[in-house]
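>>> The sequence isn't on hand, but the structure is:
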């Protein structure tokens, strides 16, 4: 059986010198969060809301640490104003966003923010790429981390819901 | 029926005097100053490359302090912010309480007002108590500061008390002359990083 994508992405974090990983949990990120939390050399920071992760990243970078923010697409909306700091201060940050509100969504309340996530990020100056096939996640995550920290700007990778599997509401 | 604002009884502290005392002989202290009056207060006490005064990102000051404290565990970090700013990021106190950085202090200059927008009263005027919130969020300690003697103790604590701790400093709701830091965020970030990290700030890979 081939390993879950999260293992390659976790190794990428280590190779790229990521020191702080912050997150509001999402089903699609469960395995990656678990790997980061098990690593005593990473600061795995659970947030109460995603915009804290933007602010945390600014502080981390002031102190010389690279960070990554993990969230679900609904969290993108929570980040909008705080994301102003990234471009106003030219602070790099890589984000990995698991999608809700697209392929086969069950919950109508997830659709508006999910559908807007890509354009909202772009409006705030974030470079956005999207993976809809599992084999694309690692190279696109590497690209997002490298362009963020090489060019001092925010970059996000969206991971499509078809790849992750839509949440079912069965008992 | 809406609650009535609680009238302060004691003579409130002068925020500029408080911040000048807190930042006196600051040594290697790293300072995040929340947007509005705390940023002007920190600048009034002396513009310094190891200040990161915010011109936006309302609600983010404490979380910025957390990221910095985790990145620099051997340096003391002070988040100097206002009541309105911290109300917007109150969840970050829970995030800090879980991480428990020993080198982080949060000082709230509480004038019970939104000073930059016309001095409208904030939640703390109705008795909302940050010190109690911080304690409930697992901070090591949290105090309410109302006297100059307590400010003097707080200044010492910034350099050697175990964090994370919070001090809610009750200050007078005075409208004071603006003392503005530089506005370019990229400059503020670069000068901070250079002062902290040296030339590596520009060559970090």
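The structure has been received and is ready for your questions. All values reported here derive from a predicted model rather than from experimental measurement.

>>> how many other residues sit next to residue B:153?
As a burial measure, residue B:153 scores 13 neighbours (other CB atoms under 10 Å in any protein chain shown). For glycine as for every other residue, the C-beta is placed from the backbone atoms N, C-alpha and C.

>>> Tell me how far it lies from residue B:167.
Going from residue B:153 to residue B:167 by CB to CB, to the nearest Å gives 9 Å.

>>> Equivalent analysis for residue B:42, please.
From residue B:42 over to residue B:167 the distance is 15 Å, taken as CB to CB.

>>> Just the strands from chain A, written as ranges.
A:18-23, A:43-46, A:66-72, A:93-98, A:127-131, A:154-159 (DSSP state E).

>>> relative orientation of the fifth one and strand A:93-98 in degrees?
Strand A:127-131 and strand A:93-98 are oriented at 30 degrees to each other (axes from the mean of the first three to the mean of the last three CA atoms, to 10 degrees).

>>> what is the mean pLDDT for strand A:127-131?
Average pLDDT, strand A:127-131: 98.

>>> Tell me what angle that strand forms with strand A:154-159.
20 degrees.

>>> Other residues contacting strand A:127-131?
For strand A:127-131, contacts defined as CB atoms under 8 Å, 6 or more residues apart in numbering or on different chains pick out A:118, A:121-122, A:137, A:140-141, A:143-144, A:147-148, A:153-160, A:163.

>>> Of these, grab the buried ones for PyMOL.
A single PyMOL command is used to select the members of the contacts of strand A:127-131 judged buried by 16 or more other CB atoms under 10 Å in any protein chain shown:
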select buried, chain A and resi 118+121+137+140+141+143+144+147+148+153+154+155+156+157+158+159+160+163
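
>>> gap between the biggest helix by length in chain A and the chain center?
In chain A, assigned by DSSP state H, the helix with the most residues is helix A:134-151. How far helix A:134-151 lies from its chain's middle: 11 Å, per CA atoms, centre = their mean, to the nearest Å.

>>> Residue ranges in chain B under the pLDDT threshold?
B:1-10 (pLDDT under 70).

>>> Would you mind naming the residues that pair with the spatially most central residue of it in a beta bridge?
The centroid of chain B falls nearest to residue B:80 when counting by CA atoms, centre = their mean (1.4 Å). Beta-bridge partners recorded for residue B:80 (DSSP bridges): residue B:33, residue B:107.

>>> ok, now which ones touch it?
By CB under 8 Å, 6+ apart, the residues touching residue B:80 are B:19, B:22, B:31, B:32, B:33, B:34, B:38, B:41, B:42, B:61, B:107, B:109.
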